[in-house]
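Chemist: Got a predicted model here, sequence first, then my questions.
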Amino acid sequence: MKILVIGGAGYIGSHVVREFLDRGYSVTVLDNLSSGSRLNLFDEAAFVHGDIMLPLRLREAMAEGFDGCVHLAALKAAGDSMFRPEAYAEMNIAGTINILNAALSAGIQNMIFSSSAAIFGSPRHLPIDEKHPKNPENFYGFTKLEIERLMDWYDRLKGMKYATIRYFNAAGYDVQQRVKGLEMNPENLLPIVMETAVGVRKGMKIFGDDYPTRDGTCIRDYVHVNDLATAHVSAFEHLVDNKESLSVNLGSETGVTVREMIQRAREITGKEIPAVATERRPGDPAELVASSAKAREVLGWEARHSDLDSLIDSTWQAYRNHFRIS
């Protein structure tokens, strides 16, 4: 079967492409390389240099004929979205409308969408399951929720089936070390830890150490990117086999504090990793942990690589290889 992966040269996208290739699919990547890397393109996959803001280019690419489309292209910095909502509205919402309309024209009936836990806002209960109230507290989360609503209407009105996969905190790198490109300008904890370990940063900040948690720092649920990738393939196969849309939350169901992540990274890397506690960031809840029960039940999914050591070790190997650290 033929799959189009939009954003397939990015961090998560490249792992998704690799998983589809490993399962025997024919894959085409469409990416504008604004945040993706040519290092993340695989010889077995076709590549189209395109942009979701160019509808004609999308239609030309999709005219090749595909059984499904994975949509991972978006602006994704929650903080930045509060200062540049117009950019996020255009890229995330308008760009997705371009994708959906091009897919309709091409007869593509199965869409896999990269969504986010940001649609939920501050937790009212833990763990966060699919029934949790949706109340995004940043504009990025708002765009993701609006896209989910758009897809639901396209299903109802046009029969386009979709799977929305709500990531919590994606982390780690391919356990077989086949993904070579590092994230550009990362804002997530583990890449910042690694940039500090290799000397790209002189030190790092811990935003708040007075939360009501076991060590005062925020607790987050990290899911390995290889585990995320398997969920995308399973979600596509669910759409093909069952002809019904679905939304699932994906996490490890285990919370890790910021200090725990940093300390274990020091032990695994052998690096000092200087870190200084500063004031809290607005809108950061004390704890976010997912329930992945629905993904297990419906997709048969399991988090095989999402333990703390696998997350850190696979990321360290990627950074060591990139910076040629012995």
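Modeler: Okay, I see it.

Chemist: Run through the helices of the protein in chain order.
Modeler: Listed in chain order, the helices found in the chain under DSSP state H are 11-22, 55-62, 78-81, 85-88, 95-106, 139-158, 189-197, 225-242, 258-269, 293-294, 308-323.

Chemist: Name the residues that touch stretch 58-69?
Modeler: 1-6, 28, 30, 48, 50, 52, 98-99, 102-103, 105-108, 110-112, 236, 239-240 (Cβ atoms under 8 Å, 6 or more residues apart in numbering). Every C-beta, even on glycine, is put in place using the N, C-alpha and C of the backbone.

Chemist: ok, 6 Å please
Modeler: Residues outside stretch 58-69 that contact it (Cβ atoms under 6 Å, 6 or more residues apart in numbering) are 1-4, 30, 48, 50, 98, 102-103, 105-106, 108, 110-111, 236.

Chemist: are any of those residues buried, and which?
Modeler: Buried members of the contacts of stretch 58-69, counted by 16 or more other Cβ atoms under 10 Å: 2-4, 30, 48, 50, 98, 102-103, 106, 108, 110-111, 236.

Chemist: Show me which residues of the lowest-mean-pLDDT helix or strand in the chain are buried.
Modeler: Evaluated with mean pLDDT, DSSP states H and E, the helix-and-strand set of the chain has its lowest mean pLDDT in helix 78-81, which scores a mean of 89. Neighbour-count burial for helix 78-81, counted by 16+ other Cβ under 10 Å, picks out 78, 80-81.

Chemist: for the residues you listed, which one is nearest Arg280?
Modeler: In terms of Cβ to Cβ, no member of the buried residues of helix 78-81 lies closer to Arg280 than Ala78, at 14.8 Å.

Chemist: Now do the contacts for that closest one.
Modeler: Taking Cβ under 6 Å, 6+ apart as the criterion, Ala78 is in contact with 138, 140.

Chemist: Please report how far it lies from Ser37.
Modeler: 22 Å (Cβ to Cβ, to the nearest Å).

Chemist: go on, Gly79?
Modeler: Plainly put, Gly79 is 23 Å away from Ser37 if you go by Cβ to Cβ.

Chemist: Report the rounded mean pLDDT for stretch 228-245.
Modeler: For stretch 228-245, mean pLDDT rounds to 98.

Chemist: can you list contacts of stretch 112-127?
Modeler: The contact list for stretch 112-127, computed with Cβ under 6 Å, 6+ apart, reads 70-72, 128, 132-137, 140-141, 144-145, 162-164, 166-168, 232, 235-236, 285, 289-291.

Chemist: In that stretch, which residues are buried?
Modeler: If you call a residue buried by 16+ other Cβ under 10 Å, then stretch 112-127 has these buried ones: 112-121, 123, 126-127.

Chemist: So which of the residues you listed is the closest to Val223?
Modeler: For Val223, the nearest member of those is Ala117. The distance, counting by Cβ to Cβ, is 10.1 Å.
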